[in-house]
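Q: one predicted model, sequence on top.
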Amino acid sequence: MSIPHVPDYALGHLRAAKAAMLDDREVTDILDAKDSVIARYSPAFQPGRIEAIEEDVLRSFLYFENNRHWTGLNRQVNRVCADMDATRAALAHLVDETRPIADRMHPVTAIKGMGKGIITAILHVAYPSAYGVWNNTSDQGLVELGLFPPIPRGATFGERYAAVNEVLVALSQALEIDLWTLDTVWWFLQASNADDDANLDEVSYAPEAVPTAPSVKTTRFALERHLHDYMVDNWEMLDLAQEWEIYARDGEPDAGYEFVTPVGRIDLLARHKSDPRWLVIELKREKSSDAVVGQVLRYMGWVKRHLVENGETVEGLVVATEGDPQLHYALDVVPSVSFKSYEVEFRLRNGPTFEEFAKP
């Protein structure tokens, strides 16, 4: 099956990743787990059985230690399982092969917590040779390699997935691998890119800025890797939530989390609750101030070109532990980008003595 309008370098890149990833122990663990995971869960996801799926079976699948392939699905487990009768009915509709895939998505996308990562992972395990996994990782890979299919604005989630899945199936055939392995290729590519980015972040342009011993700043940078997920999971507790909500669309309740664009991945994309305004949020992490400001402006430009409608505006927000002169000078002439700092504290204190603990 040929893949239309796909650059040769993209297939070459994927073939190279396919060969290189076999030297990675994490990859081989994922590949070796395929048969056992499918044998365990595929029967439960079939028509005639999924209508009565036990809650503990569905819950267990959403944890990495059981599905052996996808991390983060368990973040939505309580929401997905909150109304099991509705979830069972929606899943039965999802796996009904008598209907086109584009028409089977609406009931399941109405279940709170059911995003594209969970929906397509279930479909894939139910029908391993027919449906590929569409999540943030594969989405980023498709976009970066110019493989993401053209989808008209306003398309339903089912229509979007049908177009994406056509590309995934065609790629698996062109690469002579199954869809489980193709999904592993996407993971390997993202992990490799993350390593490259980490190496770039280690470069310092100011020798005196390199700490000679562990410092508070070093500790903060180590904690920042968790800030992203914390902000999403606890969004309603943040001051930002009074005016802004994370961008969502049909079938993608957390679409604004690591929003993938051809010019990079936006940490968080939000929309104002009442005004026609978009907000691009970027975590500074170890990036230089110049780099993070450039990133925010680039993402704002993309959102303005591809998402903004009817006079909407785009703003930017940099989030970091602290500012610096470079950041403040840059933002002084870019009024559409603001800055917020956050605090992370971790302290140990003496616990109560036995006598204190034993007091009534």
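A: That came through fine.

Q: burial of residue 298, as a residue count?
A: 16 (other CB atoms under 10 Å). In short, each C-beta sits where N, CA and C put it, glycine included.

Q: just residue 35 next, same as before
A: For residue 35, using other CB under 10 Å, the count is 11.

Q: try residue 87
A: Neighbours of residue 87 under the rule other CB under 10 Å: 23.

Q: quick check: it touching residue 58?
A: Yes - in this structure residue 87 lies within contact range of residue 58 using CB atoms under 8 Å: 7.3 Å.

Q: so what's in contact with the two at the same time?
A: Applying CB atoms under 8 Å, 6 or more residues apart in numbering, one finds that residue 87 and residue 58 are jointly contacted by 80, 81.

Q: burial of residue 9, as a residue count?
A: Using other CB under 10 Å, residue 9 has 10 other residues around it.

Q: need the helices for the stretch 151-300 of the chain, in chain order.
A: 157-175, 179-201, 216-233, 289-306 (DSSP state H, counting those that start in this stretch).

Q: could you pull up the mean pLDDT of the longest one?
A: Average pLDDT, helix 179-201: 76.

Q: now swap in stretch 29-39 and tell me
A: In this model, stretch 29-39 has an average pLDDT of 97.

Q: what are the buried residues along that stretch?
A: Using 16 or more other CB atoms under 10 Å as the test for burial, stretch 29-39 gives 30, 31, 33, 34, 37, 38.

Q: restricted to strands, list those.
A: Counting by DSSP state E, no part of the buried residues of stretch 29-39 is found in strands.

Q: which of the residues you listed sits closest to residue 283?
A: Closest approach to residue 283 among the buried residues of stretch 29-39 (CB to CB): residue 30, at 27.7 Å.

Q: isn't the closest one up against residue 184?
A: Yes - at 5.2 Å, residue 30 counts as touching residue 184 under the criterion of CB under 8 Å.

Q: need the overlap of contacts for those two.
A: By CB under 8 Å, 6+ apart, the residues touching both residue 30 and residue 184 are residue 69.

Q: other residues contacting stretch 184-193?
A: 13-14, 17-18, 20-21, 24, 26-27, 30-31, 69, 137-138, 140-141, 175, 177.

Q: repeat that with 10 Å
A: 13-18, 20-22, 24, 26-31, 34, 69-71, 132-142, 144-145, 168, 171-172, 175, 177-178, 265 (CB atoms under 10 Å, 6 or more residues apart in numbering).

Q: show the buried residues in those.
A: Buried among the contacts of stretch 184-193 (16+ other CB under 10 Å): 13-14, 17-18, 21, 24, 27, 30-31, 34, 69-70, 132-142, 144-145, 168, 171-172, 175, 177-178, 265.

Q: need the buried residues of stretch 29-39 in a markdown table with distance to residue 301, can you?
A: Converted to a markdown table, those look like this (distance: CB to CB, whole Å):
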| residue | distance to residue 301 |
| --- | --- |
| 30 | 36 |
| 31 | 39 |
| 33 | 41 |
| 34 | 41 |
| 37 | 42 |
| 38 | 43 |
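
Q: what helix or strand does residue 142 sit in?
A: helix 136-144 (DSSP states H and E).

Q: which strands or helices does that helix pack on?
A: On a contact count with 3 or more CB pairs under 10 Å, 6 or more residues apart in numbering; DSSP states H and E, helix 136-144 meets helix 8-20, helix 116-126, helix 157-175, helix 179-201, strand 257-261, strand 264-272.

Q: out of those, which is closest to residue 236?
A: Closest approach to residue 236 among the helices and strands packed on helix 136-144 (CB to CB): strand 264-272, 12.7 Å.

Q: so for the closest one, what gets flagged as buried?
A: 264, 265, 266, 267, 268, 269, 270, 271.
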